[in-house]
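J.: this one's structure only:
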């Protein structure tokens with residue numbers, strides 16, 4: 001399988017890059033497209049449709065094909081996979097029946113392929129991504145390979161889209177189903193944020209709404225351990241500071257902890273809504289602000305994946321949390337460069353609102369502040 005990555009800040013730049021990529025006879029059949037909401041998605045899709053290229057697409061909070069991350073651009077991974085080795089599905093869930101929709105897609109893929117694996121992207125902030133993952137597990141089993149990210153919108157948190165050749169949705173899921181009999185896919189999800197302090201108990205919560213930890217309003221205990229100042233509704237940067245620097249780490253009996261940053265504060269009782277479910281009675285720890293070790297852990301995880309499961313790759317897809325670039329700033333380029341150098345193959349990635357993958361040694365889950373690195377290799 002041959003692959004190439006291209007990028008552009010306009011439709012015309014993408015057209016030029018696409019044309020140049022095919023001048024040597026390269027004929028891609030599939031495009032993994034990560035695009036800012038400011039870009040003309042329909043026009044870009046028309047360029048690909050004209051070349052008979054199938055599209056798996058998502059809007060982003062930033063995009064990249066190498067160590068330099070971009071804003072308000074389009075990044076694209078072009079692959080010449082045989083058409084019989086993959087299918088693309090796009091379905092909507094206006095009734096919020098996430099699990100059922102994912103099951104329907106998984107059933108179709110299971111009929112098409114003996115052993116399907118999935119790259120997914122989903123839109124709308126209300127989406128319960130873990131229910132989507134459960135839908136794939138219901139059909140394929142607990143060991144199913146699923147990797148992906150939640151669509152972004154340049155940090156406006158207003159409207160996100162997933163798209164394919166002739167369809168887009170602001171409340172839907174796009175799925176690239178791959179035949180693992182012919183395409184090997186392996187991935188790793190790594191956070192790197194260090195826990196601090198002792199384990200604490202979530203004493204009151206409902207779904208992703210956390211009220212108290214150790215019987216203290218969760219915002220108050222976060223302020224206490226984070227040393228935060230100006231904790232008022234007027235502080236527009238408060239939630240970004242909490243999410244990027246002082247998120248909760250939900251401890252697991254099996255596998256690594258998963259991140260659950262607070263995203264929306266209820267000032268009436270100083271509770272907050274997290275990015276995913278935090279069960280009442282569960283154990284949590286707080287996190288230290290990130291340093292160089294955060295990037296090193298991600299790169300080492302990718303190196304271990306190469307050493308143990310994926311010695312060679314044809315292409316690399318990366319879903320990295322938007323919170324990482326807010327916390328790491330220009331240092332994020334070092335992490336991307338490190339990932340690129342592990343396999344040194346064409347790469348494309350996006351900064352997402354959440355990441356979906358199996359926690360190290362654990363189950364399929366929705367993650368935050370995490371980098372999900374996915375390697376592809378034709379057998």
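T.: Cool, got the structure. Please read these numbers as outputs of a predicted model, since none were measured by experiment.

J.: State the phi and psi torsions of residue 73.
T.: Main-chain dihedrals, residue 73, degrees, to the nearest 10: phi -130, psi -170.

J.: Next, the contact list for it, please.
T.: Residue 73 sits next to 7, 8, 9, 35, 36, 39, 63 when contact means Cβ atoms under 8 Å, 6 or more residues apart in numbering. No exception for glycine: its C-beta is placed from N, CA and C like everyone else's.

J.: Can I get the residues you listed in CSV including secondary structure and neighbour count?
T.: Converted to CSV, the contacts of residue 73 look like this (DSSP: H, G, I helix; E, B strand; the rest coil; neighbours: other Cβ atoms under 10 Å):
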residue, secondary structure, neighbour count
7, strand, 19
8, strand, 20
9, coil, 15
35, strand, 26
36, coil, 22
39, coil, 21
63, strand, 26
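
J.: from those, which single one is nearest residue 169?
T.: Of all the contacts of residue 73, residue 35 has the smallest distance to residue 169: 14.5 Å, by Cβ to Cβ.

J.: Please name the bridge partners of the closest one.
T.: residue 59, residue 74 (DSSP bridges).

J.: close enough to count as contact, it and residue 60?
T.: Yes. With contact defined as Cβ atoms under 8 Å, residue 35 reaches residue 60; the gap is 6.6 Å.

J.: Just to be sure, residue 45 is in a strand?
T.: No. Applying DSSP: H, G, I helix; E, B strand; the rest coil, one finds residue 45 to be helix, outside a strand.

J.: for the stretch 101-250 of the chain, what spans make up the strands?
T.: Listed in chain order, the strands of the stretch 101-250 of the chain (DSSP state E, counting those that start in this stretch) span 116-122, 146-150, 162-163, 168-169, 172-179, 183-190, 195-206, 209-213, 216-217, 248-250.

J.: and of those strands, who's closest to residue 298?
T.: Closest to residue 298 of those is strand 183-190 (Cβ to Cβ; 4.6 Å).

J.: Next, the angle from the closest one to strand 146-150.
T.: On the basis of axes from the mean of the first three to the mean of the last three Cα atoms, to 10 degrees, strand 183-190 is oriented at 60 degrees to strand 146-150.

J.: So which bits of strand 183-190 are buried?
T.: 183, 184, 185, 186, 187, 188, 189, 190 (16 or more other Cβ atoms under 10 Å).

J.: can I assume residue 54 is in contact with residue 30?
T.: Yes. Assessed by Cβ under 8 Å, residue 54 is found in contact with residue 30 at 5.1 Å.

J.: Please identify which of these two sits among more neighbours.
T.: Set residue 54 next to residue 30 and count neighbours by other Cβ atoms under 10 Å: residue 30 wins out with 24 against 20.

J.: what pairs with that one across the strands?
T.: Here residue 30 sits in beta bridges with residue 54, residue 79, going by DSSP bridges.

J.: which ones are touching it?
T.: Counting by Cβ under 8 Å, 6+ apart, residue 30 has contacts 53, 54, 55, 56, 78, 79, 80, 81, 86, 176.

J.: so what's it scoring on pLDDT?
T.: Residue 30 carries a pLDDT value of 98.

J.: Please apply the same query to the one 4 residues further on.
T.: At residue 34 the predicted local distance difference test score is 98.

J.: Need the overlap of contacts for residue 54 and residue 30.
T.: Common neighbours of residue 54 and residue 30 are listed as residue 86 (criterion: Cβ under 8 Å, 6+ apart).

J.: List the contacts of residue 240.
T.: residue 326.

J.: Quick check: it vs residue 299, distance?
T.: 25 Å (Cβ to Cβ, to the nearest Å).

J.: and what of residue 3?
T.: 21 Å.

J.: now residue 343
T.: Relative to residue 299, and taking Cβ to Cβ, residue 343 is found at 12 Å.

J.: now do residue 267
T.: Residue 267 is 40 Å from residue 299, by Cβ to Cβ.

J.: between those two, which one's more packed in?
T.: Between residue 267 and residue 299, residue 299 has the larger neighbour count (other Cβ under 10 Å), namely 22 against 11.

J.: domain assignment for this structure?
T.: 3-190+293-378, 195-286 (automatic domain parsing).

J.: Burial-wise, tell me which of those comes out on top.
T.: Mean neighbour count (mean count of other Cβ atoms under 10 Å) peaks for domain 3-190+293-378 among the domains of the chain, with a mean of 20.

J.: can you give me the end-to-end distance of that one?
T.: 11 Å (Cα to Cα, to the nearest Å).

J.: what separates it from the chain centre, distance-wise?
T.: 7 Å (Cα atoms, centre = their mean, to the nearest Å).

J.: same deal with stretch 365-379?
T.: Average the C-alpha atoms of stretch 365-379, do the same for its chain, and the two points are 8 Å apart (Cα atoms, centre = their mean).

J.: how about the helices in the protein?
T.: 11-21, 41-50, 98-112, 129-140, 218-226, 238-245, 292-308, 322-328, 332-343 (DSSP state H).

J.: now for these, which one comes closest to residue 158?
T.: helix 322-328 (14.0 Å).

J.: Run through who's touching that closest one.
T.: With Cβ under 8 Å, 6+ apart, helix 322-328 has contacts from 61-62, 69, 152, 155, 240, 243-245, 247, 261, 289-290, 294-295, 332, 335, 351-353, 368-371.

J.: low-scoring pLDDT stretches of the stretch 151-300 of the chain, where are they?
T.: 255, 275, 289-290 (pLDDT under 70).

J.: residue contacts, the residue nearest to residue 218 when sequence neighbours are not counted?
T.: Closest residue to residue 218 apart from its sequence neighbours, by Cβ to Cβ, 6 or more residues apart in numbering: residue 210 at 4.7 Å. Counting by Cβ under 8 Å, 6+ apart, residue 210 touches 202, 204, 218, 248, 260, 262, 271, 272, 273, 274, 278.
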